[in-house]
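> next come a sequence and a model predicted from it.
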Amino acid sequence: MKAEPCFPHVLVVSPQDNPADVTSMYVNDVTTLSHSLRVPPITSLTALWVGFLRKIRSLQFYVESGLRRDLYHARLLQYELDLFTEALAHSAKSTEKEPRPYVYITAPRSVLRVCSTEHRALLLQWCQALAAKKLAHVVWLTSPSDAIAEFVQEAKATTDPDICLLVRPQSECIDNSSATDKLGLLSARYGIEFSEADSDRITSSAGNWWVDLEAICVDIVSRMEGDTSLSLAVDDACSAFDADAKAALIQYLRLDVDVVTMDEKTDLLEKWAAFQAACGLSNETTQVLANPQALVKPKKPSLPDVRPVLASFAGSGVTGERKFWNLFALNWLQLQPNTPVAVGVVPCEAVDVLRGCAVVVRPVLSRLFRELWADDAVWTKVQELQQAMDAEELREQVRNYESEVEITARAYLKKRTEYELAWDAFDDAEKAQYRAELFLEELKLQAQRDHVARLKSVYAVEA
């Protein structure tokens, strides 16, 4: 970010990458702000005097707020933001004649969800003012799932949108390290020395996914608080990680219950088709069924396009669109830009978020879904359900066709009655013409009725 500040940035950090690498690549000289008037360490008389003044100022704000902590914290936050703004403005004036390095202020976007409405409005207004006055770059850090939830799912409910530049780096474009390298960094952070077998066990469970690798490491540390050995803690943590992910996936796909209603059956099949498209299994099936020449030198599969995943929910309309976005908001799937970095303005239309993106599935979910896909019992259950749904759809089409034939029959009877009432007014040529017309329509109607009868017999449609 070498250009002048214009709008706050929302930097989407992929759960696949090391957040420190992504942040350091796009942000330099980060400034961290405190959220209270903490007293500095007393190392001199000056520090003692500063600490005393801060205590007095804090007490003054508390009294002026009517001893209400919410008003006190709001006043304190406003005061600190004003001080920081004045310092930035003074620095900008002192370096007007020479290029000055801009200050970068970063904060997790998630803090806006936990703070009060007043604090949220104050922070957003302050960040917009800093960028507009070109005093500093403001960079909000967020995850792909939180970005989808805020800028797509909750966008319509937002009355005062926060205009930002959405920056989405491509996964592995900045952090292209392997899963073993990532695990090495995490093991050093948590003070654990994994053996080669333990490292293979962890990476085979989580894959090259920073967030999942860190979650397993945290679980291992918590399991080692007793007398548990490292290898046993690794095995237990990985087993629990796989079991939780599999249970969540099976529950999401509705494979753990008997689907009864039409909506439940449709939901299961749509989610199954979406995961199948996201994992690229539909392409693998096509390749297996292709001619032998296609199997001699198969192409390395690229990341699946987002459109087949969206098309899996097309039959459910608005509900299907909501289920599609839930895949990303729940961190099942992730959007991957086709370019090294995608930059756009938010708020925006949902289709703009999808444009030029592929789909990435969490490694653990991709592995577990492939296991379910290869399981004969699960595959048979899904295929039988699909066949039953297809048969029911055909029967519904037959019933609709029968209704159309009956409407045609009523129109024919009405037309014949009108001709019979005016028959004496027709001459011989008109009578011959109308008689032939009615005869042809009756033949066509009888053929349609015979066709309906055959269809009802074939597809077992009840009368």
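Structure received.

> quick one: the helices in the stretch 1-150 of the chain, in order.
All helices of the stretch 1-150 of the chain, identified by DSSP state H, counting those that start in this stretch, fall at 19-26, 45-64, 69-94, 111-114, 117-132, 144-148.

> repeat for the stretch 301-450 of the chain
Under DSSP H, counting those that start in this stretch, the stretch 301-450 of the chain gives helices at 306-311, 317-329, 350-354, 363-374, 376-421, 428-458.

> between the ones you listed, which one is nearest to His9?
The closest of those to His9 is helix 350-354. By Cβ to Cβ, the value is 16.0 Å. To be clear about C-beta, it is placed using only N, CA and C from the backbone, and glycine gets the same treatment.

> so how far is the closest one from its chain's centroid?
How far helix 350-354 lies from its chain's middle: 11 Å, per Cα atoms, centre = their mean, to the nearest Å.

> what of stretch 183-191?
With Cα atoms, centre = their mean, you get 29 Å for stretch 183-191.

> where among the helices of the stretch 1-150 of the chain is the average confidence lowest?
Note on the helices of the stretch 1-150 of the chain: lowest mean pLDDT is at helix 45-64, with a mean of 56.

> now do stretch 139-154: distance to the chain's middle.
Distance, centroid of stretch 139-154 to centroid of chain: 9 Å (Cα atoms, centre = their mean).

> tell me, how many residues neighbour Asn208?
If you count neighbours by other Cβ atoms under 10 Å, Asn208 ends up with 21.

> likewise Thr180?
15.

> mind checking which helix or strand it is in?
helix 179-190 (DSSP states H and E).

> and the next helix or strand after that helix, what does it pack onto?
Downstream of helix 179-190, the first helix or strand assigned by DSSP H and E is helix 196-206. The helices and strands touching helix 196-206, judged by 3 or more Cβ pairs under 8 Å, 6 or more residues apart in numbering; DSSP states H and E, are helix 179-190, helix 210-223, helix 230-252, helix 363-374.

> nearest spatial neighbour of the residue nearest in space to the middle of the chain, chain-adjacent residues omitted?
When Cα atoms, centre = their mean is applied to the chain, the residue found nearest the centroid is Phe328 (1.6 Å). The spatial neighbour of Phe328 that comes closest, neighbours along the chain excluded (Cβ to Cβ, 6 or more residues apart in numbering), is Ile148 at 4.4 Å.

> so that neighbour makes contact with Leu327?
No. Ile148 is beyond contact range of Leu327, at 9.1 Å (criterion: Cβ atoms under 8 Å).

> how does this protein divide up, domain by domain?
9-167, 179-253, 262-341+357-374, 387-459 (the TED database).

> nearest to Thr380, of those domains?
The nearest among these, by Cβ to Cβ, is domain 387-459 at 10.4 Å.

> can you give me the end-to-end span of the closest one?
Length of domain 387-459, first residue to last, Cα to Cα, to the nearest Å: 12 Å.

> same check, this time on stretch 173-184
20 Å.

> again, but for stretch 338-354
Stretch 338-354 end-to-end distance (Cα to Cα) = 11 Å.

> re earlier: turn the helices and strands packed on helix 196-206 into CSV, including mean pLDDT and distance to Pro5.
Shown next, in CSV, are the helices and strands packed on helix 196-206 (pLDDT from 0 to 100; distance: least, Cβ to Cβ, whole Å):
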stretch, mean pLDDT, distance to Pro5
helix 179-190, 94, 32
helix 210-223, 94, 29
helix 230-252, 95, 41
helix 363-374, 94, 37
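
> show the model's pLDDT score for Arg168.
At Arg168, pLDDT is 93.

> ok so, going back, can you lay out the helices of the stretch 301-450 of the chain as CSV showing distance to Val343?
CSV is the format used below for those (distance: least, Cβ to Cβ, whole Å):
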stretch, distance to Val343
helix 306-311, 18
helix 317-329, 19
helix 350-354, 12
helix 363-374, 27
helix 376-421, 40
helix 428-458, 55
